[in-house]
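*Asks:* quick one, structure for this:
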Amino acid sequence: MIRGIIFDCFGVLYGGSLSTLTSMCPPDRLAELRDLNKSADYGYITTTDYLSGIAEIFGKSYEEIETILRAKHQRNHELVEFVRELNKQPQYHIALLSNVGSGTVEHLFGDELTELFDTVVLSYKENLAKPNPAMFLLAAKRMGLSPEECVMIDDLESNCDGAEIAGMQSIQHITNDGTRIALAKMLQEKA
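*Replies:* Below you'll find the model as predicted:
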């Protein structure tokens, strides 16, 4: 029976910026951008260092990079409200599991973070990132559940695969309606 519902942040609850940055990046510096992003996700560098590194790669100012990223972090209001409704149902434990650099999720959600989610697991705090199955196991443990009792909702197939390797079920988020329908079906099947 599903008791834990875990949401990814970027690509699910918020628009992501990495794909935008990748599309703008000079081809000969893509590996550097990916390494920089990974370093931020794992908490090896600060957000300031991350933005400074991106600015250097792109030949833009720190402020220009901040503006680009802010524009891409658009909230998926419909799905955030869905999370809020799920969290009102006491039979479910709602979590956020995200690969993210320091301070980003806290900035996006503010006080709402603890209102929406019972558990928050962020890669930079753990020095661990999805799709490593250990990240999903950690989320389940923090929720006080077994992986088999959890479902991961993520936009990336590799992260869904990592969740399934850890013993969870997964839903690859493509559309809000598709995600809600898939989750409703899964919750009914396992009831």
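*Asks:* quick check: buried residues in stretch 122-133?
*Replies:* By 16 or more other CB atoms under 10 Å, the buried positions in stretch 122-133 come out as L122, S123, Y124, E126, L128, A129, K130, P131, N132, P133. Where you see a C-beta, it was placed from the backbone N, CA and C, and this is true even at glycine.
*Asks:* list the contacts of the lowest-mean-pLDDT helix or strand in the chain.
*Replies:* Using mean pLDDT, DSSP states H and E, helix 18-24 stands out as the lowest-scoring helix or strand of the chain, at a mean of 80. Residues outside helix 18-24 that contact it (CB atoms under 8 Å, 6 or more residues apart in numbering) are F10, L30, L33, R34, N37, I54, F58, I68, L69, K72.
*Asks:* from these, which land in helices?
*Replies:* Among those, the members falling in helices (DSSP state H) are L30, L33, R34, N37, I54, F58, I68, L69, K72.
*Asks:* whichever of those residues end up buried, select them in ChimeraX.
*Replies:* Buried subset of these, written as a ChimeraX selection, criterion 16+ other CB under 10 Å:
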select :33,37,54,58,68,69,72
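*Asks:* from the ones in helices among the contacts of helix 18-24, which is closest to T179?
*Replies:* K72 (20.2 Å; CB to CB).
*Asks:* list the contacts for the closest residue to that closest one other than its chain neighbours?
*Replies:* Closest residue to K72 in three dimensions, ignoring its sequence neighbours and counting by CB to CB, 6 or more residues apart in numbering: S17, at 3.9 Å. Going by CB under 8 Å, 6+ apart, S17 touches F10, I68, L69, K72, H73.
*Asks:* what do you get for V80?
*Replies:* V80 makes contacts with L13, L116, as judged by CB under 8 Å, 6+ apart.
*Asks:* what of Q74?
*Replies:* Per CB under 8 Å, 6+ apart, neighbours of Q74: Y14, G15.
*Asks:* mind pulling up the pLDDT for it?
*Replies:* Listed pLDDT for Q74 reads 85.
*Asks:* strands of the protein, start to end?
*Replies:* With DSSP state E, the ranges of strands along the chain come out as 4-7, 93-98, 119-122, 150-154, 169-172.
*Asks:* could those be laid out in JSON lines, adding distance to K185 and mean pLDDT?
*Replies:* Below are the strands of the chain laid out as JSON lines (distance: least, CB to CB, whole Å; pLDDT from 0 to 100):
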{"stretch": "strand 4-7", "distance to K185": "13", "mean pLDDT": "98"}
{"stretch": "strand 93-98", "distance to K185": "18", "mean pLDDT": "98"}
{"stretch": "strand 119-122", "distance to K185": "24", "mean pLDDT": "98"}
{"stretch": "strand 150-154", "distance to K185": "11", "mean pLDDT": "98"}
{"stretch": "strand 169-172", "distance to K185": "10", "mean pLDDT": "98"}
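*Asks:* I am finished for the moment; much appreciated.
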